[in-house]
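Participant: mind folding the following:
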Amino acid sequence: MQLTHFGHSCVLVEHLGARILFDPGNFSHGFEGITGLDAIAITHQHPDHADPARLPALVEANPGAALYADPQTAAQLGGDWNAVRPGDAFDVGRVHLRGTGGRHAVIHPDLAVIDNTAFLVGDDENPARLLHPGDSLYIPYEKVDVLALPAAAPWLKISEAVDYLRAVAPRVAVPIHQAILANEATGIFYGRYSEMAPAGTEFRVLQTETSVEV
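Facilitator: Just a heads-up that it's a prediction; the model follows:
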């Protein structure tokens, strides 16, 4: 499986001939102009995960891409966007995707909790090769090979992210959702995740816009 990180939560997954782009938001850069996508998947409606300015052009440039999003975002975008709820399963070529989770992490009790669909990406041999949780700490309680780990957020403490990493215990964890950090501060967060990861988990930082096999 090949991963390309376009910053923040935007990740291109290439596996078994399928190309799936997750969360092209307004804190991410480099996904503009991508063509040949088989699917675009959005975890939730916040603009750092679904950029309202650039998303229409991305969809237009990929007329063959299937469009998936959490129910609220799918309703807002309309058109050909398909709502994905927890328990929904579908295929993109030879790749199997499942919707899990369902709720965004709580930012503050006074704020409404919105939909957030976490996506599990798998195949015939492994149904959970990758988990993209969006803005949630959803634990699927199955063996996840690669976890896209939220590194920093208004709703997240380092201790919570460490506990989440330990609970999922993937083979590889790659940090996402890091755009709210100053470059000088990433080492504080990444250092903790690396040193406190469970035994058997590799914490790997992906260089932006560089395709990496995991």
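
Participant: contacts, neighbours, all on C-alpha from now
Facilitator: OK.

Participant: check the gap between the residue nearest to the spatial centre of the chain and H96 for me.
Facilitator: Per C-alpha atoms, centre = their mean, the C-alpha nearest to the average position across the chain is that of H132, at 3.4 Å. Using C-alpha to C-alpha, to the nearest Å, we find H132 at a distance of 14 Å from H96.

Participant: what's V59 sitting at in phi/psi?
Facilitator: phi -60, psi -40 (degrees, to the nearest 10).

Participant: if I pick H29, what's in contact with it?
Facilitator: 6-7 (C-alpha atoms under 8 Å, 6 or more residues apart in numbering).

Participant: likewise the one 4 residues further on?
Facilitator: When contacts are counted by C-alpha under 8 Å, 6+ apart, G33 is found next to 58, 61.

Participant: ditto for the one 5 residues further on
Facilitator: Neighbouring residues of D38 by C-alpha under 8 Å, 6+ apart: 18-20, 62, 64-66, 92.

Participant: so how far is K143 from A169?
Facilitator: In terms of C-alpha to C-alpha, A169 sits 8 Å off from K143.

Participant: more neighbours, those two?
Facilitator: Taking other C-alpha atoms under 10 Å, A169 and K143 do not tie; A169 has more neighbours (22 against 15).

Participant: check the residue lying closest to D115 once chain neighbours are set aside and give its pLDDT.
Facilitator: Using C-alpha to C-alpha, 6 or more residues apart in numbering and skipping the chain neighbours, the partner closest in space to D115 is R103 (4.7 Å). Here the pLDDT value assigned to R103 is 97.

Participant: surely R103 and L137 touch.
Facilitator: No: shown here, R103 and L137 do not form a contact pair, counting by C-alpha atoms under 8 Å, at 9.6 Å.

Participant: if we can go back for a sec, now do the contacts for the residue nearest to D115.
Facilitator: R103 touches 113-117, 136, counting by C-alpha under 8 Å, 6+ apart.

Participant: one more time with 7 Å, if that's ok
Facilitator: Counting by C-alpha atoms under 7 Å, 6 or more residues apart in numbering, R103 makes contact with 113-117.

Participant: which SS class is N82?
Facilitator: strand (DSSP: H, G, I helix; E, B strand; the rest coil).

Participant: ok, it to G7 distance?
Facilitator: 25 Å.

Participant: what of P52?
Facilitator: Using C-alpha to C-alpha, P52 is found at 17 Å from G7.

Participant: same thing with P47?
Facilitator: Per C-alpha to C-alpha, P47 is found 14 Å from G7.

Participant: quick one: S211 from R54, how far?
Facilitator: Distance, S211 to R54, by C-alpha to C-alpha: 22 Å.

Participant: hmm, I was thinking of I139
Facilitator: 31 Å.

Participant: quick revisit: who has more neighbours out of P52 and G7?
Facilitator: G7 (24 against 16).

Participant: my read: the more buried one touches S28, true?
Facilitator: Yes: assessed by C-alpha atoms under 7 Å, G7 is found in contact with S28 at 4.7 Å.

Participant: this structure: strands as residue ranges?
Facilitator: 2-5, 11-15, 18-22, 39-42, 66-69, 81-83, 89-92, 95-103, 115-122, 130-132, 146-150, 172-176, 202-203, 211-213 (DSSP state E).
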